[in-house]
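Q: How does the following fold in three dimensions:
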Amino acid sequence: MSGEFSADLYDYHLPPELIAQRPAARREDSRLMVLSRQGDALEHKYFRDLPGYLTPADLLIFNDTKVLPARLSGQKDSGARCELLLLKRLGEKQWEALVKPGRRLPAGSTVHFGAELSATVLEILPAGRRRVELCYPGDFWAVLDRHGQTPLPPYINQKPTKELAERYQTVYAREPGAAAAPTAGLHFSTDLLAKIKAKGVATAFVTLHVGLGTFRPLQTGDIREHKMHAEEYSLPAETVRAIAECRARAGRVVAVGTTAARVLETWAQEAANDANDYAPRHGQTAIYIYPGYRFKAVDALITNFHLPRSTLLLLVSALAGRAPLLQAYQEAVRQKYRFFSFGDAMLIK
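A: Numbering: from 1, shown residues only. Sure, this is the predicted structure:
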């Protein structure tokens, strides 16, 4: 279709060699492009320079989700090899999972992952997914750590290693449940966080368990018709208080990543009818942010460079403006920035 809501407006040319296959030597050594919404010239920095763009009045909000070692490789009783990717916990032992190859896993079939873990298919779901029940002794997370692998994004052609799995996890990850990392947070090291706190900048946390929908391209020619997958989120009371205190001192709420931004905007929408509603939140969000949206909670955003025709690119365009953002992306290509999960970062202020 044509017009202001065409998905074609959110496409751009990305040379494949600019898709980062490995992270920078140190987390904070990634490059940082600074895009001002006031129309100032683009700045080219390094992520370690971020504290210079923050003030003691500001509040940084991080997503503390932890990526699960959710990729499981096993076999059926017949010996046929199968793979499961755990996507979402549905109950104590039930999960929604993506299976491969799907035709080998009808309802009732069981896959074994070593001697202590197995999965039985209970229901066939759309798009190659299954509802499965896991069987294991003792602590599930310990069993999963022994048998699962961290699922790296599909555009990373590296074999998963312990080093890559560690770098595909934020240093502050603490709430297990994600199938993909909140990648803007991957640039923060413990040293950099200490420098930010020493400057007096406040920090707080939300949780959004990132699903594979984060890699899902737009499915429609009209961006308004795209449907988001719901993801589990929570916003604790201490973060709500931190936001109120930030507003009182006229500081900026700086979301670290699009996932943190989606939690904050979900909360802001739900609390919009009551100026005194500072209650914490927990639930499912399928909030879809695209140009035309007016941000209610987020003043600035730290983010990576996103896939063409993706909902993440639309969210960032909604904050920065489509034309300025795509011009910045063109400059990033010219300057050979590194793109996607292990790539470089952008501060939109």
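Q: Secondary structure element for residue 347, which one?
A: According to DSSP states H and E, residue 347 maps onto strand 345-348.
Q: other SSEs contacting that strand?
A: strand 31-35, strand 300-304, helix 311-320 (3 or more C-beta pairs under 8 Å, 6 or more residues apart in numbering; DSSP states H and E). C-beta here means a position set from N, CA and C on the backbone, and glycine is covered the same way.
Q: Output those in JSON lines; the columns should cover distance to residue 153.
A: Output for these, formatted as JSON lines (distance: least, C-beta to C-beta, whole Å):
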{"stretch": "strand 31-35", "distance to residue 153": "19"}
{"stretch": "strand 300-304", "distance to residue 153": "11"}
{"stretch": "helix 311-320", "distance to residue 153": "12"}
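Q: can you put these in a markdown table and add mean pLDDT?
A: Below are the helices and strands packed on strand 345-348 laid out as a markdown table (pLDDT from 0 to 100):
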| stretch | mean pLDDT |
| --- | --- |
| strand 31-35 | 98 |
| strand 300-304 | 98 |
| helix 311-320 | 97 |
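Q: ok, the closest residue to residue 157 other than its chain neighbours to residue 83 distance?
A: Computed as C-beta to C-beta, 6 or more residues apart in numbering, the closest residue to residue 157 that is not its neighbour in sequence is residue 21, at 6.0 Å. In this view, residue 21 and residue 83 are 22 Å apart by C-beta to C-beta, to the nearest Å.
Q: so what's the nearest residue to residue 11 once chain neighbours are set aside up against?
A: Ranked by C-beta to C-beta, 6+ apart and with sequence neighbours excluded, the top spatial neighbour of residue 11 is residue 308, at 4.8 Å. Residue 308 makes contact with 10-12, 14, 217, according to C-beta atoms under 8 Å, 6 or more residues apart in numbering.
Q: where does residue 308 land in three-state SS?
A: Assigned with DSSP: H, G, I helix; E, B strand; the rest coil, residue 308 falls in the coil class.
Q: again, but for residue 130
A: strand.
Q: Going forward, count from 201.
A: New numbering, starting at 201: the last item is residue 330.
Q: May I ask you to confirm that it is in contact with residue 324?
A: Yes - counting by C-beta atoms under 8 Å, residue 330 does reach residue 324; the two are 6.1 Å apart.
Q: The two - which one has more neighbours?
A: Between residue 330 and residue 324, residue 330 has the larger neighbour count (other C-beta atoms under 10 Å), namely 23 against 14.
Q: For residue 491, see how far away that one is.
A: Distance from residue 330 to residue 491, by C-beta to C-beta: 36 Å.
Q: same deal with residue 302?
A: 36 Å.
Q: Need the residue in this protein that's farthest from the chain's center.
A: residue 278 (37.3 Å; C-alpha atoms, centre = their mean).
Q: which residues touch the residue lying closest to residue 522 once chain neighbours are set aside?
A: Nearest residue to residue 522, sequence neighbours excluded (C-beta to C-beta, 6+ apart): residue 491, at 5.5 Å. Residues near residue 491 by C-beta under 8 Å, 6+ apart: 204, 514, 517-518, 521-522.
Q: In the strand or helix carrying residue 346, which residues are buried?
A: Following DSSP H and E, one finds residue 346 within helix 340-347. By 16 or more other C-beta atoms under 10 Å, the buried positions in helix 340-347 come out as 343-344, 347.
Q: Which strands and helices lie in contact with that helix?
A: Counting by 3+ C-beta pairs under 8 Å, 6+ apart, helix 340-347 packs on no helix or strand.
Q: who's residue 333 bridged to?
A: residue 294, residue 320 (DSSP bridges).
Q: where does the stretch 401-549 of the chain dip in pLDDT?
A: The stretch 401-549 of the chain contains residues with pLDDT under 70 at 414-415, 472-478.
Q: ok now do the nearest residue to residue 501 once chain neighbours are set aside, which residues does it touch?
A: Distance criterion C-beta to C-beta, 6+ apart; nearest residue to residue 501, sequence neighbours excluded, is residue 548 at 4.7 Å. Residue 548 is in contact with 235, 237, 500-503, 516, 519-520, counting by C-beta under 8 Å, 6+ apart.
Q: from these, which is closest to residue 387?
A: Nearest to residue 387 out of those is residue 502 (C-beta to C-beta; 7.8 Å).
Q: name the helices or strands packed onto the strand ranked longest in the chain?
A: In the chain, with assignment by DSSP state E, the single longest strand is strand 281-289. Other elements packing on strand 281-289 under the criterion 3+ C-beta pairs under 8 Å, 6+ apart are strand 271-275, strand 294-300, strand 329-335.
Q: That'll do, ta.
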